[in-house]
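Colleague: Here is my input, please return the structure:
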Amino acid sequence: MSTPILALSRSLDASVETLKTIGPTNAGRLAKLGIRTVRDLLLTLPFGWESYESAQIDTLVPGRHASVVGTVLSIKQVTTKFRKMQLTEATVGDEAGTEMRVVWFKNPWIVKNLRTGDRVALAGQVKSSRYGGGPEMTNPHYERLDADVEGQPKRVGGLMPKYHLVDKLTSRKIAGWVEAVLPLADRLEDLLAPEVRERNNLLSVVDAVRLGHKPTTDAEYLQARRRMAFAELLELQTAFALMRAKIAAEPATPIPFRPEVGDAFKAGLGFALTEAQRRSTRDAFKDMQGPVPMNRLLNGDVGSGKTAVAAACAAMAHAAGLQAVVMAPTEILARQHLRKFRTYLEESFPELKVELLVSSLGAAEKRRVRMAAASGHCALVVGTHALIEDDVEFANLGLAVVDEQHRFGTRQRELLRGKGRGRPHFLAMTATPIPRTLALALYGEMTLSVIDEMPPGRTPVETEVIERDERKRAYELVRAEVAAGHQAFVICPLIEESETLAARSATAEFERLQKEVFPDLRLGLIHGRLKEKDQVMQRFVAGEIDILVATAVVEVGVDVPNATAMMIEGADRFGLAQLHQFRGRVGRGSAASRCLLLADDPSGKVLARLELLTRVNDGFRLAEEDMRLRGMGELMGARQHGMSDVSMAALQQPELLSEVHAEAERIVQQDPNLAHHAALKAAVQRRLELTSIS
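Modeller: Now for the predicted structure:
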């Protein structure tokens, strides 16, 4: 018989809003977690479990999780003397006559839900009472039981799921909704064929959903998670395998390797390439020699010299009579690339003309650059989204380079590639250090080059964690740098004040610093909603601003050699990899530079995490540590790539990813159109629509 919640939901693709106890408000909250349909609700497993062993009150051990069943002997609302906090206080006794104190903070409605004489199940962490006597629980899960003495708890005790939460959602609410729709699990189509499940020792999707949401043992839960992770990663890896096959079927013009071009390029640089740069350049040259288009991701830390590798590729393309294009996410980055490519190339290769195409150019200049590109009179065009407009054409495009490729959508990258008559060779660059397992999962259709070595002579940025009571010293350090003729950044985590977060916002901090701390200095403000971002940044680069107050928009690529100090407010709200990205904005000139980290939460755990930045300058090591401490979802916005918690956690098991990769290759090789894998084909098509892969 159907449960009431299912009355309006006969389809797995029905909106969760149709479920009776969810409604539009909770549906909006679930949507923030990526749960929009009944299918999503079933397939979203809890990320963990809390185990509450059943016990009598007199056997409870402080520090352990436990569940007890008893009777409410008294319950009342209390206001504390000092902080005037409201709490609900109860005394619960069990059949043995032992009593326990229970306290709930900020839950005034509990007094309406529980009354003296009610039987109740409680599950929580046991504490020693501060007032002597027996044990107590603070904010435990609770469930009022039927008056029937035999009534047993259904939702409290044993293994209790932990789901990702937003707003006012609770794991208990989500577990209730899941339990109501669980009978529909039988209707889930299995995208893993029986032979795939058998080869890899995997549960069916129906068993995985049931055991994932309601396991009786840890082993059952782990089996369910492994199966769900395998299926999701298989969607991605199959999509990648199909894209690799598609790219291989669209031939590119081979670019032969010419040693004299490489020698001339190196001679004109004015510095020696690092071994990592030479290795990455060799990888790219080898790719470009073949008829299959290069599709390579160049991953290197801030300042590791990725642009020099791209310039070498452009020189080799030019020698083959082909043009190159470089697309950057912002105008200021495009202009920065223009300067570097001209420096690296034009002296050694006088006929290699580099032009700029950005939306702020005048109509006549835009027309001149477009004509130069269309006629073949320029070899390399650097620009922004202006490059993919309909009226931009190239005479013979052979190489497309995209900087910070995760900032562009799939369609934008394809439009750029479409500017060639054939399919151009493609090189993507990112300054966000990505652990190899994550790179394989997010960019599995691309081959990977890693520049894991910094050019000699770069002085590491001195990094210091500033305690709350030392804020004045931080301001003095910034002022001293400006007095010495340098510039500084102040990074804030929010744009506007928030009542829920005690973080300093950029707008409020800008006004406060301007009035109270640095009234005699020239301050600027930049954030994501500001239309004049490029203009403000150009003024900072030109030295017209002493201190730039900014949000995370300065994270990528901006080169201001005169900036030698950075203060990061609310540093605990950023990941280590992102803090390292910020830090890379200073120390780009010859002067010693420093980065000051100020935490909103100065707890020991937070400070220990931030202290890592004072000792480690390797972005890849910090990214690995971030992955371990904060999970995959915090890196590269992995959740934006449509990856769930189970698949991101699975990326820390390289052997599983290897098994999935091999399975995807086998399926595509044997069934290139996925004709015999209909469910997998539909899932891959959904994945390609949702996922920002190139």
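Colleague: which strand of this protein spans the most residues?
Modeller: Across the chain, the longest stretch assigned as strand under DSSP state E is strand 65-79.
Colleague: what are the C-alpha coordinates of that one, in CSV please?
Modeller: Only the C-alpha atoms of strand 65-79 are listed here, as CSV (Å, rounded to 0.1, in the frame of the first residue of the first chain):
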residue,chain,number,x,y,z
HIS,A,65,27.4,8.2,21.6
ALA,A,66,24.4,6.2,23.0
SER,A,67,20.7,5.9,22.8
VAL,A,68,18.3,5.4,25.8
VAL,A,69,14.5,4.9,26.1
GLY,A,70,12.8,6.4,29.1
THR,A,71,10.0,8.5,30.5
VAL,A,72,9.9,12.3,30.8
LEU,A,73,9.8,13.0,34.6
SER,A,74,9.9,16.8,34.2
ILE,A,75,10.4,19.3,31.4
LYS,A,76,10.5,23.1,31.5
GLN,A,77,11.9,26.2,29.7
VAL,A,78,14.7,28.0,31.5
THR,A,79,16.5,31.3,30.9
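Colleague: can you count the residues close to A563?
Modeller: 26 (other CB atoms under 10 Å). Heads up, the C-betas are built off the backbone N, CA and C, glycines and all.
Colleague: Quick check, it in contact with V490.
Modeller: No: taking CB atoms under 8 Å as the definition, A563 is not a contact partner of V490, at 11.3 Å.
Colleague: Spit out the residues that contact those two alike.
Modeller: Common neighbours of A563 and V490, using CB atoms under 8 Å, 6 or more residues apart in numbering, are L548.
Colleague: For P161, grab phi and psi.
Modeller: Phi and psi for P161, reported as degrees, to the nearest 10, are phi -70, psi 150.
Colleague: residues contacting it?
Modeller: 46, 48-49, 171, 174-175, 213.
Colleague: Can you tell me which of these is nearest A311?
Modeller: Closest approach to A311 among the contacts of P161 (CB to CB): G48, at 47.6 Å.
Colleague: Out of the contacts of P161, list just those in helices.
Modeller: In this view, the contacts of P161 that belong to helices under DSSP state H are 171, 174-175, 213.
Colleague: Going by neighbour count, which residues in the helix or strand that D626 is a member of are buried?
Modeller: In this structure, D626 is located in helix 619-630 according to DSSP states H and E. Neighbour-count burial for helix 619-630, with 16 or more other CB atoms under 10 Å as criterion, is recorded at 619-627.
Colleague: Alpha carbons only: can I get that helix in PDB?
Modeller: Below are the C-alpha coordinates for helix 619-630, written out as PDB (Å, rounded to 0.1, in the frame of the first residue of the first chain):
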ATOM      1  CA  GLY A 619      50.600  24.600  -4.300                       C
ATOM      2  CA  PHE A 620      50.200  21.000  -5.200                       C
ATOM      3  CA  ARG A 621      51.100  19.800  -1.600                       C
ATOM      4  CA  LEU A 622      48.600  22.400  -0.200                       C
ATOM      5  CA  ALA A 623      45.900  21.100  -2.700                       C
ATOM      6  CA  GLU A 624      46.400  17.500  -1.600                       C
ATOM      7  CA  GLU A 625      46.200  18.700   2.100                       C
ATOM      8  CA  ASP A 626      43.000  20.600   1.300                       C
ATOM      9  CA  MET A 627      41.600  17.500  -0.300                       C
ATOM     10  CA  ARG A 628      42.300  15.500   2.800                       C
ATOM     11  CA  LEU A 629      41.100  18.100   5.300                       C
ATOM     12  CA  ARG A 630      38.100  19.600   3.500                       C
END
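Colleague: Let's have the contacts of P161 in JSON lines, adding neighbour count, distance to S11 and pLDDT.
Modeller: Converted to JSON lines, the contacts of P161 look like this (neighbours: other CB atoms under 10 Å; distance: CB to CB, whole Å; pLDDT from 0 to 100):
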{"residue": "P46", "neighbour count": "25", "distance to S11": "24", "pLDDT": "89"}
{"residue": "G48", "neighbour count": "14", "distance to S11": "30", "pLDDT": "82"}
{"residue": "W49", "neighbour count": "15", "distance to S11": "30", "pLDDT": "82"}
{"residue": "S171", "neighbour count": "20", "distance to S11": "26", "pLDDT": "83"}
{"residue": "I174", "neighbour count": "24", "distance to S11": "20", "pLDDT": "89"}
{"residue": "A175", "neighbour count": "19", "distance to S11": "22", "pLDDT": "87"}
{"residue": "H213", "neighbour count": "23", "distance to S11": "20", "pLDDT": "93"}
